[in-house]
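Engineer: Quick one, structure for this:
(2 chains)
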Amino acid sequence: MIGFFLILLIIVYGSQWVTAFSFIDGIASIPKALSWLVGNFYPTEKSLQKIPTILTKLVETLLLSIAAATVGAFFALFSAIFGARPTAFSKPLALFSRGLATLFRNIDVAAWSMILLFSFGQSALTGFFALFFASFGFLTRVFMETIDEVGLGAVEALRATGAGYWPIVFQAILPASQPLMISWTLFMIETNIRSAVLVGILTGSGVGFTFDLYYKNMNYNAAGLTIVFIAATILLLDRASNMIRRAIL
Amino acid sequence: MSLDKSESIQNIVTQSGRLAASGRSIKVKPLSKSRLTMRITMIALAALTIYGFFVFDYKNISPWQGTIDMLTNFKTMFLSPHLAHLTFWEGAYAIVVTLAMAVLTTLISAFLAFFLALFAAQNLSNHTVARSIQAVAAFIRSIPTVLWVLIFAISAGLGSVAAIVGMSFHSISYLTKAYAESFEEMDQGLIEALRATGAHWWHIVFQAVLPMSLTYLISWTFMRFEINFGVSVAMGAAAGAGGIGFDMFMASAFYHDLREVGAITYYILVVAFLLEMLSLRMKSAVRGKMI
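Structural biologist: Got it, this is the predicted structure:
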């Protein structure tokens, strides 16, 4: 027990040393940031005029997040069918689709956006592909888990009755895993919006860029308003997904 | 990856558990309401996706040409990586810095979230207190991490302090929810029995609640650590917090050095793979203990 805490202490000290982090500065920054928030992040007449701009960009970001998650889910579905144990029909193909998903999943969205900046510049496509790759990687993993969970018993039972491969997939596996897959896709949309803000800041697109512009010009009232709209969108989306989840699960 | 798997992932996990417990697999009776909702959801998502592709701001970049460029760029990046602006060991040190940021964030969050979760769990705390902590946590989670970090950067300056405090904000609210749910899974009878013997609240916490939920807590914490690694790469890039993310940002946006971006990607991939393997092993260990 004491050894465990000693190791923990060494890790904390080491991490503090390499990152030049100080707990005192960290704690001191909290009241400062909060009082600053109260003093600056309220909407003014001037910042309220920015609402149309913010909303247009927010809608674009929302659509981007939905498109990336939906297209990601479509490809992940095939990749999961090829890779999941109950439905895999060729070992090399299974290994390939699993490997591809692992690769896409383990490169962070931020890293993807910096990679894709070379090909798509500041266009919406940089964000789309970054979010799409991340969605594809993550959804393939959870779809595979879903198929594993639902499928193993069903496949064996149906195979015993002499059913073919495709009927099993389309009439047993997919209908049974559909609710969970939709639920995960909705979750992915929510995640994508958060990531899209980050990607926007890095690549200069969408609502992230709008925020960054206000922030860098020290127009904090408008920046604060942007945060309020982003947070409200995420909360609403969460509410909507939970309603859908309750109906389908 | 910087997935902020908040509320929903936990909902999905519990709901899928419920699904599994309720006999799972094929539904014999087709539920018309659930089928209808699924169909509407899918059609709506497809329609919004198609609509999106028409209105996106492409800035004169052709999707096809861009995709071809992307594939050739991938080839250059991954097949001929090189480091120009930093040495191999500087790269390794940068990744240690990124990991250290994730470690600090995770440890701070785990420590604070543990105490907050005790008050946020319905079975251990007062109903009103629990509800209000959950509400504040939900509000904090609704603001993306990068925005928290930038808010703190105004008072603390761009750097590791703002990054770690900002990341912790999000991480604490995530873990508070996860821990509180683990506590709520506990056998209510046991807590009441202990209460009847006159055990003090702290005794119940440290003698019963903590030991029984420890495996859950560890697996949630490690999962968050994995997420925090991705987030700290991102914060290095977006909020000047240093580490490998910052080097990647410089290589991409400043030097336009595709091959260096490739080399840095390999650093990130190696660590992310190791963390995922470790996490899978821990999950199976935890599962083994639970059965």
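
Engineer: residue contacts, residue A:128?
Structural biologist: Applying Cβ atoms under 8 Å, 6 or more residues apart in numbering or on different chains to residue A:128 gives the contacts A:64, A:67-68, B:56. Every C-beta, even on glycine, is put in place using the N, C-alpha and C of the backbone.

Engineer: Buried residues, the longest helix along chain A. List them.
Structural biologist: Criterion DSSP state H: the longest helix present in chain A is helix A:124-160. Buried residues in helix A:124-160, counted by 16 or more other Cβ atoms under 10 Å in any protein chain shown: A:124-151, A:154-155, A:158.

Engineer: continuing past that helix, what's the next helix or strand?
Structural biologist: helix A:165-168 (DSSP states H and E).

Engineer: Just the C-alpha atoms of that following helix, please, in CSV.
Structural biologist: Only the C-alpha atoms of helix A:165-168 are listed here, as CSV (Å, rounded to 0.1, in the frame of the first residue of the first chain):
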residue,chain,number,x,y,z
TYR,A,165,-24.7,-16.6,-44.8
TRP,A,166,-26.4,-13.5,-46.2
PRO,A,167,-29.9,-14.3,-44.9
ILE,A,168,-28.3,-14.8,-41.4
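
Engineer: Show the pLDDT at residue 207.
Structural biologist: Looking at chain A here, since you left the chain open. Looking at residue A:207, its pLDDT is 92.

Engineer: The intended chain is chain B.
Structural biologist: pLDDT recorded at residue B:207 is 83.

Engineer: Please name the residues that touch it.
Structural biologist: Applying Cβ under 8 Å, 6+ apart, the residues contacting residue B:207 are B:194, B:199.

Engineer: Distance of it relative to residue B:191?
Structural biologist: Distance of residue B:207 to residue B:191, given as Cβ to Cβ, to the nearest Å: 11 Å.

Engineer: what does residue A:37 give?
Structural biologist: From residue A:37 to residue B:191 the distance is 38 Å (Cβ to Cβ).

Engineer: Can you tell me the element the most centrally placed residue in chain A falls in?
Structural biologist: For chain A, residue A:191 is the residue whose C-alpha lies nearest the centre (Cα atoms, centre = their mean; 3.1 Å). Using DSSP H and E, residue A:191 maps to helix A:174-203.

Engineer: near chain B at all, that helix?
Structural biologist: Yes. Judged by Cβ under 8 Å from any Cβ of the partner chain, helix A:174-203 and chain B are in contact via A:175-176, A:178-180, A:182-187, A:190-191, A:193-195, A:197-198, A:201-202.

Engineer: so how far is that helix from its chain's centroid?
Structural biologist: Relative to the centre of its chain, helix A:174-203 is centred 5 Å away, using Cα atoms, centre = their mean, to the nearest Å.

Engineer: What of stretch B:96-115?
Structural biologist: 12 Å.

Engineer: Over to stretch A:106-122?
Structural biologist: Per Cα atoms, centre = their mean, the centroid offset for stretch A:106-122 relative to its chain is 15 Å.

Engineer: do stretch A:219-238 as well
Structural biologist: On Cα atoms, centre = their mean, the centre of stretch A:219-238 falls 18 Å from that of its chain.

Engineer: How about the residues of the stretch 151-291 of chain B by chain A?
Structural biologist: Counting by Cβ under 8 Å from any Cβ, the residues of the stretch 151-291 of chain B near chain A are B:151-152, B:154-156, B:159-162, B:164-165, B:230, B:233-234, B:237-238, B:242-243, B:245, B:248-249, B:251-253, B:256, B:258, B:261, B:265, B:268-269, B:272-273, B:276.

Engineer: buried subset of those?
Structural biologist: Counted by 16+ other Cβ under 10 Å, those give B:151-152, B:154-156, B:159-162, B:164-165, B:230, B:233-234, B:237-238, B:242-243, B:245, B:248-249, B:251-252, B:258, B:261, B:265, B:268-269, B:272 as buried.

Engineer: what packs against the helix or strand harbouring residue B:104?
Structural biologist: Assigned by DSSP H and E, residue B:104 belongs to helix B:88-120. Judged by 3 or more Cβ pairs under 8 Å, 6 or more residues apart in numbering or on different chains; DSSP states H and E, helix B:88-120 is in contact with helix A:2-19, helix B:127-142, helix B:160-184, helix B:210-238, helix B:244-249, helix B:258-290.
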